[in-house]
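Chemist: have a look at this prediction, sequence included:
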Amino acid sequence: MPTINMLSSADKVKGQGVLSAYIEQVNLVKKGLKNNYSIKVNNLKFCDIMHYHTIDFKFFLSIPFAKMLGTTVAYVHFVPETVDDSINLPPFIKSIFYKYIIWFYKSVDHLVVVNPYFIDILKDYGISQDKVTYIPNFVSDDNFYRYDDEKIISLKNKFNIPQDKFVVLGVGQVQTRKGINDFIETAKKLPDVQFLWAGGFSFGAITDGYKELKKVVENPPANVKFLGIVDRSEMNDLYNLANMMFLPSYSELFPMSVLEALSLKIPVLLRDLDIYKNILFDYYLKGNSANDFSSIIEKSKNDSDFYDKWCDKSAACHQFYSKGYILKQWKNFYDDICFEKNKLKSRSKLDAKQNI
């Protein structure tokens, strides 16, 4: 049975989507492909497929040896553009780090992107489209699902939220690119709506906009609560509190938080970005300013037909990214690269025999 080694250090930084994506992908293929592949996690041995989920330097050093013995795959969770909007680094270090990111991606045999939008961006860095495969992120219904009414009532009491209050939830690291300022400005326009933000400064003081945003987090409007970094095991509680998920981010790949919210079939409100068009289609609400966002939230709160329509849209999008659909893509991907490697091995053996 072919072996796959999942390599990641994403658990070193809490509250980031890379960790959530890693956990879900590993669990999906471990259970779904157990009859096809032996899945190992951070194993010291080289396997048939070495799947790098993070770009650690120690992983980079192993790539030449891994390619001699099997096939290498890297998950593209970010590109220099998205990092640039997330953390502040000195120019010299930034230049080196960005070159390293692309060097890592160029060094492996195959890349997997979670959004087709980034295939062209990788091409601009000189990476052939032939080595890039699009497979979307995935969220399991075992982890994110709707509670019964009694449990939701209890949760609202726990968080001191009135039972009839309309609740809007934002999820992600507290950084400028997540649109925190628009989140706050939207909340100010809707004082009768409760806004919650789950996430904190995962990268500490080097977070983009840290000083300004720290002041906002420490002194939010009365109807806004910043909950800090929330363990993933507790996130389903927050989605059950929410009537709507709102992420005014300026830059994303494929937010895990969106998939998590869709699992509960609540409407999703996002900034109108090109990156969403080929992955969320017409299943989400969109705007470009605090005025847009507040109008949409207010209509969702007051117009039950409008609200129900967008709940149904979320349900349809969640169904599209079903477990079976994503698992089939991973199986086809792993099968194809194993077949390709075996074909090359057979050809090498044949060439060796002919040269004797």
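Modeler: Received it, and whenever you're ready, just let me know what you need. Residues are numbered from 1 along each chain as shown.

Chemist: got the domain ranges for this structure?
Modeler: The chain is divided into the following domains under automatic domain parsing: 3-138+322-355, 149-320.

Chemist: please identify the most buried of these.
Modeler: domain 149-320 (a mean of 18; mean count of other Cβ atoms under 10 Å). The C-beta positions use only the backbone N, C-alpha and C, and glycine is treated the same way.

Chemist: pLDDT weak spots in the protein?
Modeler: 12-17, 85-87, 202-204, 206-208, 343-356 (pLDDT under 70).

Chemist: so F59 touches L7, yeah?
Modeler: Yes. Using Cβ atoms under 8 Å, F59 makes contact with L7 at a distance of 5.6 Å.

Chemist: shared neighbours, the two?
Modeler: Y52 (Cβ atoms under 8 Å, 6 or more residues apart in numbering).

Chemist: and the helices in this structure?
Modeler: 17-32, 57-69, 80-84, 91-107, 117-124, 149-158, 180-189, 210-218, 235-241, 256-263, 277-280, 290-302, 304-320, 323-355 (DSSP state H).

Chemist: which helices and strands does the third one pack with?
Modeler: Just to be clear, that refers to helix 80-84. helix 91-107 (3 or more Cβ pairs under 8 Å, 6 or more residues apart in numbering; DSSP states H and E).

Chemist: give me that answer again for 7 Å
Modeler: Judged by 3 or more Cβ pairs under 7 Å, 6 or more residues apart in numbering; DSSP states H and E, helix 80-84 is in contact with no other helix or strand.

Chemist: hmm, who's touching it?
Modeler: 98, 101, 251, 253 (Cβ atoms under 7 Å, 6 or more residues apart in numbering).

Chemist: cool, and the second one?
Modeler: Contacts to helix 57-69, defined as Cβ under 7 Å, 6+ apart, come from residues 7, 46, 50, 52, 72, 104, 107-109.

Chemist: for the closest residue in space to V41 that isn't next to it in sequence, give me its contacts.
Modeler: What sits nearest to V41 in space, not counting adjacent residues and going by Cβ to Cβ, 6 or more residues apart in numbering, is M6, at 4.9 Å. Residues in contact with M6 (Cβ under 7 Å, 6+ apart) are 26, 39-41, 51, 53.

Chemist: 6 Å - rerun?
Modeler: Residues in contact with M6 (Cβ atoms under 6 Å, 6 or more residues apart in numbering) are 26, 41, 51.

Chemist: for it, list each beta-bridge partner.
Modeler: In this entry, M6 is beta-bridged to V41, H51, by DSSP bridges.

Chemist: for stretch 238-248, measure first residue to last.
Modeler: The first and last residues of stretch 238-248 sit 18 Å apart, counting by Cα to Cα, to the nearest Å.
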